[in-house]
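In: next input, structure requested:
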Amino acid sequence: DRAQVCQQYSLEPRDLQKIDTDIIINVPIIDVRQNRFICFSFRRLRSLVQVDRSIFFVPSAEKILRGSSGIKDTIHWERIARAYQRNVRYAYELYNKRFITDQLNNIDLMPFELRVTEINLETVAHQLELKTTELLNEFRQIREQAYARITLGSLRELAL
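Out: Next up is the predicted model:
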């Protein structure tokens, strides 16, 4: 519920507008609201970073399936939801690995919002690396299938 989120995190309804962008369209947004928060809206990673906390948003299955988002089946939605959850989990693990230890040892001087901003950007980079690997594997598979269909006879036909 938007009203509850706004009340709980001291936000205005318009603050959530950039988070509510279409999940199909891949238009990255980083919006800095001075002294309030930093808004991240990337494909499969939506968050607001405040001075002392970070709020990650995962779209609702009901909203997606009944809306006009272009998603026609639950399998597609589940894949999207898993991608969101995987990115949030990656950001959480990266934050804990990198900054909790430093904070306990009193060697981390970077403000919280900058730490989380760095983590968000690294999460997006990681997401792009995974997608690149997936596409390269898919390309290799298609290429191998195409090469497997090439025969000496088909090459002779092309030569004539």
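In: what about the helices in the chain?
Out: Counting by DSSP state H, the chain forms helices over residues 2-9, 61-66, 74-95, 101-104, 112-149, 152-159, given from the N-terminal end onward.
In: closest one to residue 31 among the ones you listed?
Out: Taking Cβ to Cβ as the measure, the helices of the chain were each checked against residue 31, and helix 112-149 came out nearest at 12.0 Å. Every C-beta, even on glycine, is put in place using the N, C-alpha and C of the backbone.
In: the closest one to helix 74-95, inter-axis angle?
Out: With axes from the mean of the first three to the mean of the last three Cα atoms, to 10 degrees as the criterion, the two stretches helix 112-149 and helix 74-95 enclose an angle of 130 degrees.
In: I'd like to know which elements helix 112-149 is packed against.
Out: If contacts are counted by 3 or more Cβ pairs under 8 Å, 6 or more residues apart in numbering; DSSP states H and E, helix 112-149 sits against strand 37-42, strand 45-49, helix 74-95.
In: and the second one, what's its mean pLDDT?
Out: Right, the one you point to is strand 45-49. The pLDDT scores in strand 45-49 average 83.
In: ok so, going back, now, of the helices and strands packed on helix 112-149, which is deepest in the fold?
Out: Per-residue neighbour counts averaged over each of these give the maximum for strand 45-49, namely a mean of 24 (mean count of other Cβ atoms under 10 Å).
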